[in-house]
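Student: structure here, sequence nowhere to be found:
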Ligand SMILES: Nc1ncnc2c1ncn2[C@@H]1O[C@H](COP(=O)(O)OP(=O)(O)OP(=O)(O)O)[C@@H](O)[C@H]1O
């Protein structure tokens, strides 16, 4: 007889984020509407949507800062409140503006480290890791937005968590900072960590994320690989006789369509297209891969909705009277460490 031992059920085992039929109502207003998605370990997932789509509210529910009206949000299979050592499971930075202004960066981290039972050396290690060791003795009140983002990241990393949840982490970073952040997150994801970052701009995270979860008006509109958003590979060609090239490509089993003064070919194998044109005796004046405009994709998926702008914006319904309230309720810099529950 063989006996099987059940695998340990520590939340750190492949700490997947699962959101199931999550709904949050503020009075009669539904900020998050029956939302379901998963975030896999070892991948960087972008949580995207226009302003007011419900991203922060969802993250706050995940982090136990807001109670869902219905549905569930779990990390490693557990509700945030049931995780015994939260800082070693999930690190988060919800907004980079709420550090005690009179406290130095190092002191801020020390307070958090004390609460979490993390040793002081880890504080300096984290300051080094996020690239602000020199700023550690300065008061956080004098930090630039970029430095606050880095301090928030250091705080989130204190407990060496399996999962990182970051709200708009690229906000306030200069191009060098964004590149640094990208490398930093990539490094963590290769260690198997689960990383969820929110943004209201698809292009901002295009080169950073592996997967996307896109929401609009509190509802899921797309979940999948970032690469898929670019659509099928295509190339644009200009030559003297587009119909002749289309015919020659057809013989080579490649479909195409003449669009305006160019021909769009359903492959991005530029060499193949060049060879076909050469054999057909057609000169090539232009030949390149056609990239789908991500801004257009995002706009189409979210129908240009932005609930925070109120009426007059495409697709906005029933938001009069709630505009701007979100900002007043998003004051927690380090969720689960300084935040309160609603
Ligand atoms: N406590 C609250 N009371 C009432 N409405 C709220 C509350 N918190 C958020 N909202 C509203 O819920 C909607 C979603 O807000 P949320 O902050 O989650 O959006 P978001 O996608 O994070 O937007 P942004 O990109 O602007 O941060 C907004 O219309 C917001 O005004």
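Tutor: Thanks, I have the structure now. All of these numbers come straight from a predicted model, not from anything done at the bench.
Student: show me where the chain has helices.
Tutor: With helices called from DSSP state H, the chain shows them at 55-62, 86-89, 105-116, 120-129, 145-157, 175-190, 202-205, 226-229, 242-251, 270-279, 294-302, 325-328.
Student: can you tell me what sits against the first one?
Tutor: Right, helix 55-62. The contact list for helix 55-62 (Cβ atoms under 8 Å, 6 or more residues apart in numbering) reads 17, 19, 22, 24, 31-32, 35, 47-49, 66-68, 73, 75, 80, 92, 94, 165, 167, 196, 198, 200, 215, 218, 326, 330, 332, 335, 339. Using the backbone N, CA and C atoms, a C-beta is placed for each residue, glycine as well.
Student: from these, list the buried ones, please.
Tutor: Neighbour counting by 16 or more other Cβ atoms under 10 Å classes 17, 19, 22, 24, 31-32, 35, 47-49, 66, 68, 73, 75, 80, 92, 94, 165, 167, 196, 198, 200, 215, 218, 326, 330, 332, 335, 339 among those as buried.
Student: can you redo the helices of the chain as TSV with distance to the ligand and mean pLDDT?
Tutor: Shown next, in TSV, are the helices of the chain (distance: least, Cβ to the nearest ligand atom, whole Å; pLDDT from 0 to 100):
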stretch	distance to the ligand	mean pLDDT
helix 55-62	3	96
helix 86-89	21	90
helix 105-116	23	88
helix 120-129	26	91
helix 145-157	15	90
helix 175-190	18	93
helix 202-205	12	85
helix 226-229	19	86
helix 242-251	44	96
helix 270-279	38	97
helix 294-302	11	82
helix 325-328	3	28
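Student: in TSV: those helices, plus distance to residue 211.
Tutor: Formatted as TSV, those follow (distance: least, Cβ to Cβ, whole Å):
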stretch	distance to residue 211
helix 55-62	15
helix 86-89	21
helix 105-116	29
helix 120-129	25
helix 145-157	20
helix 175-190	11
helix 202-205	11
helix 226-229	6
helix 242-251	34
helix 270-279	28
helix 294-302	15
helix 325-328	25
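Student: nearest spatial neighbour of the residue nearest to the spatial centre of the chain, chain-adjacent residues omitted?
Tutor: By Cα atoms, centre = their mean, the mean C-alpha position of the chain lies nearest to residue 46, the distance being 2.0 Å. In space, and not counting its chain neighbours, residue 46 is closest to residue 209: 3.7 Å by Cβ to Cβ, 6 or more residues apart in numbering.
Student: tally up the residues packed near that neighbour, please.
Tutor: Residue 209 has 25 neighbouring residues, counting by other Cβ atoms under 10 Å.
Student: verify the stated contact: it with residue 198.
Tutor: No. Residue 209 lies out of contact with residue 198 (Cβ atoms under 8 Å); the separation is 10.7 Å.
Student: list residues touching both of the two?
Tutor: residue 46.
Student: domain parsing of the chain, as residue ranges.
Tutor: Domain ranges of the chain: 17-229+297-328, 234-290, per automatic domain parsing.
Student: just the ones you listed: most buried one?
Tutor: Among the domains of the chain, ranked by average contacts under mean count of other Cβ atoms under 10 Å, first place goes to domain 17-229+297-328 (a mean of 19).
Student: beta partners for residue 19?
Tutor: When bridges are called by DSSP bridges, residue 19 pairs up with residue 37, residue 73.
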